[in-house]
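In: Sequence and computational prediction follow.
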Amino acid sequence: MAKTGKRIRNAREGIDREKLHTVEEAVAAVKAGASAKFDETIEIAMNLGVDPRHADQMVRGVVALPNGTGRTVRVAVFAKDAKADEAKEAGADIVGAEDLMEKIQGGFMDFDRVIATPDMMGVVGRLGKVLGPRGLMPNPKVGTVTPNVAQAVKDSKGGAVEFRVEKAGIVHAGVGKASFDEKAIAENVKAFIDAVTKAKPSGAKGTYLKRIALSSTMGPGVKIDTAGA
């Protein structure tokens, strides 16, 4: 424990916690401070000027990161017949219908994203209490309820990241790995910020982008200047 504390303290000593950085500066600082023995995830957190309790202030969407996330995404697909075959060919990890629903009801949760064809939502809807709290419920707004399951699977495997604002007005996501080069991370960060900016809801009042911070799994946060983001 002492070693971990010392390593984090050393990483923080090289970072001005209050200074606002460009995306490139923030990426360089976070990457330099990522010294864990595993490939740390680069994470972004955005504080938005919204209250998601109001429907017209909800922020959600999906963005295809240009350089992927660096993590293996396990995809479960609810589909039948030809659509099930398409999903399997596209690389889905598990495909099913009522049988998959029963498996999930029994505790199976070995997946990171759920995709469904529109005709399967009656079945998937019965899993609302299981999938909903985990943010896994398929939704047409983020492309996970679609007749084009093959493309949705490829997008999920290729770096598509869903985002949704939480109660405190915060959106966060993994946007790469510490092993990525700085240019690749910066491109991903800019793509994510751009997507969240474009998802500004009609009910947002005042300053929309309040604060943006970048960090690695074990490292300190580095503030990004929202004016230049």
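Out: Okay, I see it. Predicted model only: the values in this text are computed from it and were never measured.
In: Surely I185 and K31 touch.
Out: Yes - contact criterion CB atoms under 8 Å: I185 and K31 qualify, at 6.8 Å. Backbone N, C-alpha and C define where each C-beta goes, glycine included.
In: burial count for A82?
Out: Neighbourhood size, A82 [other CB atoms under 10 Å]: 9.
In: Give me the residues contacting the helix or strand harbouring it.
Out: A82 belongs to helix 81-90 when elements are defined using DSSP states H and E. Residues from elsewhere that reach helix 81-90 (CB atoms under 8 Å, 6 or more residues apart in numbering): 77, 79, 95-97, 115, 117, 147, 149-151, 153-154, 157.
In: Try it again at 10 Å.
Out: Residues from elsewhere that reach helix 81-90 (CB atoms under 10 Å, 6 or more residues apart in numbering): 75-79, 92-97, 115-117, 119-120, 146-157.
In: so of those residues, which ones are in helices?
Out: V149, A150, Q151, A152, V153, K154, D155, S156, K157 (DSSP state H).
In: can you tell me which two in those residues are farthest apart?
Out: The largest separation in these, counting by CB to CB, is between V149 and K157 at 12.3 Å.
In: so what sits against both of those two?
Out: Residues touching both V149 and K157 (CB under 10 Å, 6+ apart): V75, A90, A92.
In: export the residues you listed to a markdown table and tack on neighbour count and distance to A55?
Out: Shown next, in a markdown table, are these (neighbours: other CB atoms under 10 Å; distance: CB to CB, whole Å):
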| residue | neighbour count | distance to A55 |
| --- | --- | --- |
| V75 | 24 | 29 |
| A90 | 21 | 33 |
| A92 | 26 | 32 |
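In: can you tell me how far I44 sits from F108?
Out: Distance, I44 to F108, by CB to CB, to the nearest Å: 30 Å.
In: follow-up on the earlier one: now the ones in helices among the contacts of helix 81-90: which count as buried?
Out: Neighbour-count burial (16 or more other CB atoms under 10 Å) is assigned, among these, to V149, A150, A152, V153, D155, S156, K157.
In: Quick check: the gap between the closest residue to the third one other than its chain neighbours and K141.
Out: Pointing back at A152 there. In space, and not counting its chain neighbours, A152 is closest to I115: 4.7 Å by CB to CB, 6 or more residues apart in numbering. As judged by CB to CB, I115 and K141 stand 13 Å apart.
In: Check which residues of stretch 24-40 are buried.
Out: Neighbour counts over stretch 24-40 (16+ other CB under 10 Å) mark E25, A26, V27, A28, A29, V30, K31, G33, A34, A36, E40 as buried.
In: now for the residues you listed, which pair is the farthest apart?
Out: The most widely separated members of the buried residues of stretch 24-40, counting by CB to CB, are E25 and A36 (21.5 Å).
In: returning to what we had before: now the helix holding A82 against helix 149-158, angle please.
Out: Interaxial angle, helix 81-90 versus helix 149-158 (axes from the mean of the first three to the mean of the last three CA atoms, to 10 degrees): 30 degrees.
In: packing partners for the strand or helix carrying L100?
Out: L100 is part of helix 98-105 when elements are defined by DSSP H and E. Packing partners of helix 98-105 (3 or more CB pairs under 10 Å, 6 or more residues apart in numbering; DSSP states H and E): strand 75-78, strand 94-96, strand 113-116, helix 121-124, helix 128-131.
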